[in-house]
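J.: No letters, just coordinates:
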Ligand code: INI
């Protein structure tokens, strides 16, 4: 039975069309105003931190992420792959990347598989909390491209198998959030009655 990352069974309808684009909110909300990130990765500098633990899965996540960066126009010489021993080490790698001040986003890729051990809970929890902490403390998008599954089959389903590729999704998120932050930096919303006006046009300096 196909299940969610935390093991709960999926409804049949959720199983039928589970592509990567299906699982992320669409960017096609053209009639709504507001600051929104594009899917254009040209000019972005992206680091990919990838766990060697469960490498048969993480290498597929990495492949999916790189293919998406290619598709979105992130130049090959503008991205760096950093290998770490396991998911537990991903936050430290992300912090080191952020401190260089040379990147627009970090994509963290890993696979934490429950198997027989309760070690899983600790590794997965610390990894997620650490990644969130780095992105909030450093003000840099640090994307959680880490699978947390009950078994290897579930991980492979989400690493280019029947349920899409979390690496691909992570790359999309990195590009979108880099652009959201870039647009926020360039925008100068006028204040009116204490409410920030939402810009309806492309902010100056953003192409
Ligand atoms: N690391 C993973 O990336 N995935 C796992 O499933 C995993 N499990 O289950 O143990 C794992 N453990 C190693 C951990 O990430 C650290 O590398 C290790 O504890 C050294 O700090």
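T.: Everything's here; your move. Small disclaimer: the values here were computed from a predicted structure and weren't measured. Numbers count the residues shown, from 1 in each chain.
J.: in the sheet, who's paired with residue 159?
T.: residue 165 (DSSP bridges).
J.: Test my guess that it contacts residue 146.
T.: No. Residue 159 lies out of contact with residue 146 (C-beta atoms under 8 Å); the separation is 11.2 Å. C-beta: built from backbone N, CA, C; applies to glycine.
J.: so what sits against both of those two?
T.: Overlap of the contact sets of residue 159 and residue 146 (by C-beta atoms under 8 Å, 6 or more residues apart in numbering) consists of 111, 166.
J.: So between those two, which is more surrounded?
T.: Higher neighbour count among residue 159 and residue 146: residue 159, with 28 against 23, using other C-beta atoms under 10 Å.
J.: residue contacts, the more buried one?
T.: Contact criterion C-beta under 8 Å, 6+ apart gives 57-58, 60-61, 64, 111, 147, 165-167 as the residues in contact with residue 159.
J.: Same check on residue 131?
T.: So residue 131 contacts 90-91, 94, 108, 142-144, 146 (C-beta under 8 Å, 6+ apart).
J.: Give me the spatial nearest neighbour of the residue of the chain found nearest the ligand, chain neighbours excluded.
T.: For the chain, the residue positioned closest to the ligand under C-beta to the nearest ligand atom is residue 86, at a distance of 2.3 Å. Using C-beta to C-beta, 6 or more residues apart in numbering and skipping residues adjacent in sequence, the residue nearest residue 86 is residue 53, 3.8 Å away.
J.: what helix or strand is that neighbour on?
T.: Secondary structure assignment for residue 53, by DSSP states H and E: no helix or strand.
J.: From what I see, it and residue 83 are in contact.
T.: No. In this structure, residue 53 is not within contact of residue 83 by C-beta under 8 Å, at 10.5 Å.
J.: the more surrounded of those two?
T.: Neighbours per residue (other C-beta under 10 Å) separate residue 53 from residue 83, with residue 53 holding more: 17 against 14.
J.: what's near enough to touch the more buried one?
T.: Contacts of residue 53 were listed using C-beta under 8 Å, 6+ apart, and they are 85-87, 110-111.
J.: Next, residue 107: phi, psi?
T.: Backbone dihedrals for residue 107, given as degrees, to the nearest 10, come out at phi -110, psi 120.
J.: try the one 4 residues further on
T.: Dihedral angles phi and psi of residue 111 (degrees, to the nearest 10) take the values phi -140, psi 110.
J.: ditto for residue 109
T.: Main-chain torsions, residue 109, degrees, to the nearest 10: phi -120, psi 130.
J.: now swap in residue 40 and tell me
T.: Reported as degrees, to the nearest 10, the phi and psi values for residue 40 are phi -90, psi 120.
J.: now do the one 10 residues further on
T.: Summarising the backbone geometry of residue 50 under the convention degrees, to the nearest 10, its torsions are phi -130, psi 130.
J.: Closest to residue 176 out of the contacts of residue 53?
T.: residue 110 (20.7 Å; C-beta to C-beta).
J.: Bridged to that closest one, which residues?
T.: With DSSP bridges applied, the residues forming beta bridges to residue 110 are residue 146.
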